[in-house]
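Student: Predicted model, plus sequence, below.
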Amino acid sequence: MKSAFTYDLVIIGGGISACVFASKFLKNNITKKIALVEIGRGLGGRSSTRISKRFKGWKLNHGAPNFNISNSKNNLLLKSYIDELLENKFIKIDDSDIYFLNQDLNSETQENSEFSVGINYLSLDSMSQLSQKIIESNNLKGKIDFHFETLIVDLKFNNKEWIITSKNGDKFKSKYLICSTNLLLHKRSLKILNINKIPLRKAIPINYDKKIDLLLNLLEEQSFIPRLTFLIHTNENYSYKDFYSKKQRYFYLRKNLENKYKFERIIFQLQDNNKLGIVVHTKNIEFINSYINAKHEEVFKQQIITNFNKLFEDNSVVNKLTFDDEISIMKWRASQPSGIAIPLSLQLSKKYRIGFCGDWFEGEGFGRIEGSILSALILEKKINDLIK
C-alpha cells in the first residue's frame, strides 16, 4: 500500500555524512520532524557493516574499516566534532598494524597514503554502529523516522515544498531537502534508476538556479571508482602465524602488486567469536569485469583464494586460506568519487531549500570520511541560518 509522509526536513542517504548532519540538526532543532531515507538495510553507507544471517556472530566492516582525519588546516569545527566523538567513547585512535607491501612482497614502514594520512580512528563497535550512535546521541525525543530499503526515483518542488517519490510509490513531503548522496544528481542515476532524466534536473529546470546549474555541470564531469569487496569467513582453525591480538590488521598493496594480484587492500578483522574475518577490496576494472562476466561464481571465488595465497605465500604473519573458507561478494552501488570535487559554495540553494553534503565536496577530505563529516557540519550551520 502506498503511503504519504510529511516532514520539516528529509535527508536522502544514510551514510556517515547524513548521520552527522541529522545529529547536529536534531540537537539544534528539537521541535522539527525529520526523515532519513536510505536504499540499504541500515546506516553507514560506504562505512557499513555486514552482519551475517548465515554466519552467526560475524560482523565485517566491508566498506571503510576505520577512518583517518588530517585536518591540516586545523578547522575548529572538525576538530571539536572529532573530540566530541572521542569524549563520548564512540571512537578511539587506531593503533593497529599497518603494512605496505612492495614489489618484493616485503612490508615497508608506515607512510602517508589516502588510507593513513593524519590520524586513524576506529569505532569502538562496528562502523554501522558508529553511524547509529552519532544519530542516537541527539535523537532524545525520537524526532527522526528511518525509511530503509527505500529507493527515491523522483523529485519535485512545488509551492515551496519538496515532493519526493520512492520506487514503490510512497511520497514524502518536506519544507527542506538534504541530499547526502549524489545519485539523484549525477548522470549515473539514469542507468541505475532506469529513468531518462536526472531527478534534480527534472525538479529544477536549467536556468532556474545558477548554483544548481553549476553543481550539475560539475557533477557531470565527476567520476567514480567502482569496487568489489570480498568478505571471507575463515574456518575455525584459521589464525595468524604470530600472536597478534588487536581488532584489525591492514595490508595495502603498492600499485605494481595491485596490478598483479588485483587486490587494493586486505583487512583482517577479529570477531567476537575470536575467529578471523578477512575483507579484500579491489578496484581493478579487469577483475571486476571478470566477476560480472563469470559464468560460475565459485570459479571466481577460487581465483580470489589463489591470488591471496600467492600474495602471502612467504609472509611471516599471514597464513594461507583453504578452499573451504566461505566468501561473500559485495558490489558497491555507492562508489567513491574521484576527479573533480564540488566547491562548498554550492552546498545550498536558498531558493529551492535544498542542501548537499558528502565526500564529493572539495577539501583534503575529498573521497574520504573526513570530507563527509566536515561538509555535513558546514551544511548544518548553513541550513540553521536559513531556517532562522
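Tutor: Structure received. Numbers count the residues shown, from 1 in each chain.
Student: OK, contacts around the nearest residue to Asn139 once chain neighbours are set aside?
Tutor: Excluding the flanking residues, the one nearest Asn139 by C-beta to C-beta, 6 or more residues apart in numbering is Leu26, at 5.4 Å. No exception for glycine: its C-beta is placed from N, CA and C like everyone else's. Leu26 makes contact with Lys32, Ile34, Ile135, Asn138, Asn139, Lys143, Ile144 under the criterion C-beta atoms under 8 Å, 6 or more residues apart in numbering.
Student: give me every residue that touches the last one.
Tutor: Each residue near Ile144 by C-beta under 8 Å, 6+ apart is listed here: Ala22, Leu26, Ile34, Ala35, Leu36, Ile135.
Student: What are the boundaries of the helices in this structure?
Tutor: Counting by DSSP state H, the chain has helices at residues 16-28, 76-87, 127-136, 188-192, 199-203, 210-221, 255-261, 285-292, 297-311, 369-387.
Student: isn't Asn168 right up against Lys2?
Tutor: Yes: taking C-beta atoms under 8 Å as the definition, Asn168 is a contact partner of Lys2 at 7.1 Å.
Student: Look at these two and report which has more neighbours.
Tutor: A side-by-side neighbour count of Asn168 and Lys2, using other C-beta atoms under 10 Å, places Asn168 first with 12 against 9.
Student: got the contact list for that one?
Tutor: Shown in contact with Asn168 (C-beta under 8 Å, 6+ apart): Lys2, Thr150.
Student: State the pLDDT value of it.
Tutor: With respect to pLDDT, Asn168 has a value of 94.
Student: Please tell me how far it sits from Glu149.
Tutor: 9 Å (C-beta to C-beta, to the nearest Å).
Student: ok, and the closest non-adjacent residue to the residue nearest the centre of the chain?
Tutor: What sits nearest the mean C-alpha location of the chain, by C-alpha atoms, centre = their mean, is Arg46, with 2.0 Å. In this structure, Arg46 finds its nearest non-sequential neighbour in Gly63, 4.1 Å apart by C-beta to C-beta, 6+ apart.
Student: coming back round to it: nearest approach to Gln271 belongs to which of the helices of the chain?
Tutor: Gln271 lies closest to helix 127-136 among the helices of the chain, at 14.4 Å (C-beta to C-beta).
Student: May I ask which helix or strand of this structure has the lowest mean pLDDT?
Tutor: Evaluated with mean pLDDT, DSSP states H and E, the helix-and-strand set of the chain has its lowest mean pLDDT in strand 107-108, which scores a mean of 60.
Student: Just give the number of residues close to Gly14.
Tutor: Other residues lying near Gly14 total 31 when counted by other C-beta under 10 Å.
Student: Tell me how far it lies from Lys381.
Tutor: With distances taken as C-beta to C-beta, Gly14 is found 21 Å from Lys381.
Student: try Pro65
Tutor: Distance from Pro65 to Lys381, counting by C-beta to C-beta: 30 Å.
Student: For burial, what's the neighbour tally of Ile164?
Tutor: A total of 26 residues lie near Ile164 under the criterion other C-beta under 10 Å.
Student: nope, Tyr291 is what I was after
Tutor: For Tyr291, the tally of surrounding residues (other C-beta under 10 Å) stands at 17.
Student: nearest residue to Pro337 other than its sequence neighbours?
Tutor: Distances taken as C-beta to C-beta, 6+ apart place Trp360 nearest to Pro337, at 4.3 Å, with adjacent residues excluded.
Student: The one you found: neighbour count?
Tutor: Going by other C-beta under 10 Å, the residues that sit close to Trp360 add up to 27.
Student: thinking again about what came up before, so which of Pro65 and Lys381 has more stuff around it?
Tutor: Remark: of Pro65 and Lys381, Pro65 carries more neighbours, 27 against 12, as counted by other C-beta under 10 Å.
Student: Not counting residues beside it along the chain, what's closest to the more buried one?
Tutor: Nearest-residue entry for Pro65: Ile267, 4.7 Å, with adjacent residues in sequence omitted and distances by C-beta to C-beta, 6+ apart.
Student: Compute the distance between the one you found and Gly365, please.
Tutor: For Ile267, the distance to Gly365 equals 21 Å [C-beta to C-beta].
Student: thinking again about what came up before, any idea which of the contacts of Leu26 is least confident?
Tutor: When the contacts of Leu26 are sorted by pLDDT, the bottom entry is Asn139 at 84.
Student: so what's the closest residue to Leu193 other than its chain neighbours up against?
Tutor: For Leu193, the nearest residue in space outside its immediate sequence neighbours is Val153; the separation is 5.2 Å by C-beta to C-beta, 6+ apart. With contacts taken as C-beta under 8 Å, 6+ apart, Val153 has the following neighbours: Thr165, Ser166, Lys167, Leu193, Ile195, Pro199.
Student: most surrounded residue in those residues?
Tutor: Counting by other C-beta under 10 Å, top hit in the contacts of Val153: Pro199 with 24 neighbours.
Student: what's the spacing between it and Ser96?
Tutor: In this structure, Pro199 lies at 40 Å from Ser96, with C-beta to C-beta as the measure.
Student: And for Glu161?
Tutor: When C-beta to C-beta is applied, the distance between Glu161 and Ser96 equals 48 Å.
Student: Neighbour count: these two, which is higher?
Tutor: A side-by-side neighbour count of Glu161 and Ser96, using other C-beta under 10 Å, places Ser96 first with 17 against 14.
Student: What pLDDT is listed against Asn106?
Tutor: Looking at Asn106, its pLDDT is 61.
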